[in-house]
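K.L.:
heads up, no residue letters with this:
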C-alpha cells in the first residue's frame, strides 16, 4: 500500500521504499524533545552532509587535518608515489589528497592540456583521496587548485614526486615533477619537488622507500612552519636524493647549476611500432595516417574535420589548393634520448656536484626569473633552521 504523501509521485516503487527508509532513519529519537525541536545540524555531523564540487568526491573523515596535495610525473603506478603517500598517511596528522597523471609524463615540462578534454578517474593510493588524470602534472595541480575537483582549493602544501631520475641544472626546464611544484608556486601555494638520482644499473625500488624516510623531516618542518607563518613566501624547494639514500652524507643547501644532458636524436625504422604509437596511442596504422593527413592539411592550407561513428576515430579530410599537383613526401622517424656528459663546473655548492658527492641537495627557487643571493637569503635561512630543528 502506497503512503498517501507519495501517492501521486511517479518514482518507481522500489525507490520510494528506499526513500521512506532513509527519512524514517533520520527522525529524532522518541523522548528527545531537544532533538525534535532543533533543525540545525550538529557541528560533529559527518562532513558528507556538505556538497562536493565534483559531485562524487569520497567522504573525507580527516577534514580537520591540514591538507597535503601530492602529484608526480611518473604516473599512478610509480613506486615513488606509493611510498610517499603511504608514509604521509601513516603520520596520521595530514589529510592527503593525490592527483597524478594516468601514465608517465616525465620531461613534459610545464605543459598544459589546452583545447583538450581531460579525463579524471578515482583511484586507490594507500588510503588517500586519489584521482588519476589523462594529462600532465601541471594539469593535475591546476585542476586540484581550481576548486572544480575538490571542495577545497588551497592545500597547505603541494609535494611533487618522488621522481625517478634527478632534476638538477637545466633538467628543471624539461622536468615535469619540478613543473608540478612550480605550478603550485605560481598559484601562491608552498611546494616541494623530490627526485631520486636513479641509476639504471644500480638502483632498486626499495631506494624510494629510503628516499621518503630521508625527506619526511623536511615535509614535517615545512607543514609546521607554514602553519606558523614562518615558511619563506614566494619560494619552492627542489630536493634531490642521492643514488643510495640511506648512505647520504646529510643535507646541503645548493645553487642551481648549468648541468645538462646531451640530447641524442637517432633515426629509426618505420617498422618500429614505438614511433607510430606516439601518434596513435598504440595503433600504428591510425597514427601514421593521422600524422600524414595532418601534414597534408597544413601544406594545402585548408582542412576540415569530419566525425565518423563507424570506428570511433577522427578523420581529417584534406582539401588541396586548386591547380597544384600532389607533392611526393618522404617520411622519416626519429627518437631522442638524454645522455649524461661530463661537466667542468667544480663548485661544491652546485646541485649536481653535491648530489654526485652523496649529499641530499635542497635548492630554493622562485617564480621570478632573477634570483640574487639577497632575495634567496630567507629561503636559505629557513632550510638551515628547519634541518637543525629536525636533528
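P.N.:
Yep, that arrived. The model shown is predicted, which means the values in this text are computed figures rather than measured ones.
K.L.:
And the nearest residue to residue 358 once chain neighbours are set aside, its phi and psi?
P.N.:
Among residues not flanking residue 358 along the chain, residue 249 sits closest, at 4.4 Å (CB to CB, 6 or more residues apart in numbering). No exception for glycine: its C-beta is placed from N, CA and C like everyone else's. Backbone dihedrals for residue 249, given as degrees, to the nearest 10, come out at phi -90, psi 10.
K.L.:
wouldn't residue 249 be in contact with residue 361 here?
P.N.:
No. Between residue 249 and residue 361 there is no contact under CB atoms under 8 Å: 10.7 Å.
K.L.:
These two: which is more packed in?
P.N.:
Using other CB atoms under 10 Å, the more surrounded residue of residue 249 and residue 361 is residue 361, with 29 against 11.
K.L.:
any idea which element that one lies in?
P.N.:
Residue 361 is part of strand 360-366 when elements are defined by DSSP states H and E.
K.L.:
quick one: strands adjacent to that strand?
P.N.:
Strand 360-366 has the following strand partners under DSSP bridges: strand 235-241 (antiparallel), strand 251-253 (parallel).
K.L.:
ok, residue 169 - contacts?
P.N.:
Shown in contact with residue 169 (CB atoms under 8 Å, 6 or more residues apart in numbering): 256-260, 351-352.
K.L.:
which stretches of the stretch 151-300 of the chain have low pLDDT?
P.N.:
Across the stretch 151-300 of the chain, the ranges flagged by pLDDT under 70 are 259, 271-300.
K.L.:
Which stretches in it count as strands?
P.N.:
Taking DSSP state E, counting those that start in this stretch as the criterion, the stretch 151-300 of the chain carries its strands at 157-164, 191-196, 235-241, 251-253, 262-268.
K.L.:
quick one: the first one to strand 191-196, angle?
P.N.:
Comparing the axes of strand 157-164 and strand 191-196 via axes from the mean of the first three to the mean of the last three CA atoms, to 10 degrees yields an angle of 20 degrees.
K.L.:
returning to that earlier point: quick one: the contacts of residue 169 as JSON lines, columns for neighbour count and distance to residue 76 too.
P.N.:
JSON lines is the format used below for the contacts of residue 169 (neighbours: other CB atoms under 10 Å; distance: CB to CB, whole Å):
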{"residue": "256", "neighbour count": "17", "distance to residue 76": "29"}
{"residue": "257", "neighbour count": "23", "distance to residue 76": "31"}
{"residue": "258", "neighbour count": "11", "distance to residue 76": "34"}
{"residue": "259", "neighbour count": "21", "distance to residue 76": "30"}
{"residue": "260", "neighbour count": "17", "distance to residue 76": "29"}
{"residue": "351", "neighbour count": "26", "distance to residue 76": "28"}
{"residue": "352", "neighbour count": "24", "distance to residue 76": "29"}
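K.L.:
And those residues, which is closest to residue 143?
P.N.:
Residue 143 has its nearest neighbour among the contacts of residue 169 in residue 256, at 28.1 Å by CB to CB.
K.L.:
tell me the phi and psi of that closest one?
P.N.:
phi -70, psi 130.
K.L.:
Would you quantify the distance from it to residue 77?
P.N.:
30 Å (CB to CB, to the nearest Å).
K.L.:
in the stretch 1-150 of the chain, which spans are strands?
P.N.:
Assigned by DSSP E, counting those that start in this stretch, the strands in the stretch 1-150 of the chain fall at 67-71, 95-101, 120-125, 128-133.
K.L.:
Parallel or antiparallel, list what pairs with the second one.
P.N.:
Take DSSP bridges as the rule and strand 95-101 pairs in its sheet with strand 67-71 (parallel), strand 128-133 (parallel).
K.L.:
closest one to residue 143 among the ones you listed?
P.N.:
Using CB to CB, the strands paired with strand 95-101 put strand 128-133 closest to residue 143, at 6.7 Å.
K.L.:
Nice, that's everything, thank you.
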